[in-house]
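Student: how does the following fold in three dimensions:
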Amino acid sequence: MLAHPSRPDTHPVARDIARTLCARDIDHWAHTVWDENSVKADVANADIVMAIGGDGAMLRAGRVCAEQGVPVLGVNMGWLGFLTEIEKPEDCAAALEQVLAGDYWIEKRMLLQATLLEERRKVVGCYRALNDVVISGSVFGRMVQIAAYIDNHWATTYNADALIVSTPTGSSAYALATGGPILPPELRNILLAPMAPHLSMDRPIVLSRGAVVDIEPTPENRHPVVLTVDGAVTAELDENQHIRITSAEPESRFVRLRDRNYFYRSLLDRMEPRINRHGPRRLTFEE
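Tutor: Numbering: from 1, shown residues only. Okay, here's the model as predicted:
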């Protein structure tokens, strides 16, 4: 089990699940303080990893478990829980019985690989993203100018606050907030979505499967350009550096207990929580 390391409220849940597994004589381990490198050995010997937290915990667990081909079962203790499968900790016992009975299926989701290159050849760093890769200015609200190449051909130059390069999973996250389309998780396409574009391409673009995207800051930028991977600032681009983004192998794998068409209902339930399903209501304001 991987409890969110910065969410102490997830730690008692991990201990409760551990007691349940111990009572069933099921080998297990639990980490409440961890990073993606420290748990690799345990993950490699696991059949299923339970991630306890919200979508942030699922992003972390999904990346580290993908390398070993180990599926992740998420317990939601966050706000939205797009990626988690168990809605609340009280449902864990019933969910574990379902898993132990083999009544589940595995959903595969695409990862992105972002490679930081210098002088177009030298590899400076490689990063994996389950949601998105974002190229933006280091100063909030400062526009950046970045050229986008698709399959080694110049496509456009964006003048925008940021460019979001998203997986289908990430299409319902940051990219959705910028007006991007929602892609079903089984697709293997890359989405380009500019944030607050000015006098430049202002429409999201869905690329064909297998596309290669190169993002290159132009010399006109007056402030540093930074790379953010799944919400974490990862690198500041130096002069003559650019980012190459492709789909990555292997994919992330998630344990699903619901029907295979769960995605749209789950999405709509989360996007429309404020709708009054009983019709309009008159409000009275008193002085």
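Student: C-alpha from now on. contacts and neighbour counts both.
Tutor: Noted.
Student: now do the strand ranked longest in the chain, average pLDDT.
Tutor: Ranked by residue count under DSSP state E, the longest strand found in the chain is strand 241-256. For strand 241-256, mean pLDDT is 96.
Student: list the buried residues of it.
Tutor: By 16 or more other C-alpha atoms under 10 Å, the buried positions in strand 241-256 come out as 241-248, 250-256.
Student: what's it packed up against?
Tutor: helix 55-66, strand 72-76, strand 105-118, strand 213-217 (3 or more C-alpha pairs under 8 Å, 6 or more residues apart in numbering; DSSP states H and E).
Student: what does the first one contact?
Tutor: Outside of helix 55-66, the residues that reach it under the criterion C-alpha atoms under 8 Å, 6 or more residues apart in numbering are 2-4, 36-37, 40, 43-44, 49, 51-52, 71-72, 74, 76, 78, 80-84, 128-131, 230, 250-254.
Student: quick one: buried ones out of those residues?
Tutor: Applying 16+ other C-alpha under 10 Å to the contacts of helix 55-66 flags 2-4, 43, 49, 51-52, 71-72, 74, 76, 78, 81-84, 128-131, 230, 250-254 as buried.
Student: who are the contact partners of Thr234?
Tutor: Taking C-alpha under 8 Å, 6+ apart, we find Thr234 in contact with Val226, Leu227, Thr228.
Student: wait, a strand at the second one?
Tutor: The one in question is Leu227. Yes: counting by DSSP: H, G, I helix; E, B strand; the rest coil, Leu227 is located in a strand.
Student: show me what the helix or strand containing Ile135 is packed against.
Tutor: Ile135 is part of strand 132-137, with elements assigned from DSSP states H and E. On a contact count with 3+ C-alpha pairs under 8 Å, 6+ apart, strand 132-137 meets strand 105-118, strand 162-166, strand 225-229.
Student: so what strands line up beside it?
Tutor: strand 162-166 (antiparallel), strand 225-229 (antiparallel) (DSSP bridges).
Student: indicate which one of those is closest to Ala30.
Tutor: Closest to Ala30 of the strands paired with strand 132-137, according to C-alpha to C-alpha: strand 225-229, at 25.9 Å.
Student: can I get the helix or strand following the closest one in PDB, CA atoms only?
Tutor: Downstream of strand 225-229, the next assigned helix or strand under DSSP H and E is strand 232-237. Written as PDB, here are the backbone C-alpha positions of strand 232-237 (Å, rounded to 0.1, in the frame of the first residue of the first chain):
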ATOM      1  CA  ALA A 232       5.500  19.400 -10.200                       C
ATOM      2  CA  VAL A 233       8.000  21.900 -11.600                       C
ATOM      3  CA  THR A 234      10.800  19.700 -12.900                       C
ATOM      4  CA  ALA A 235      13.300  21.800 -14.900                       C
ATOM      5  CA  GLU A 236      14.000  25.300 -16.100                       C
ATOM      6  CA  LEU A 237      15.000  25.400 -19.700                       C
END
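Student: relative to strand 225-229, how tilted is strand 232-237?
Tutor: Taking axes from the mean of the first three to the mean of the last three C-alpha atoms, to 10 degrees, one finds strand 232-237 and strand 225-229 inclined to each other by 150 degrees.
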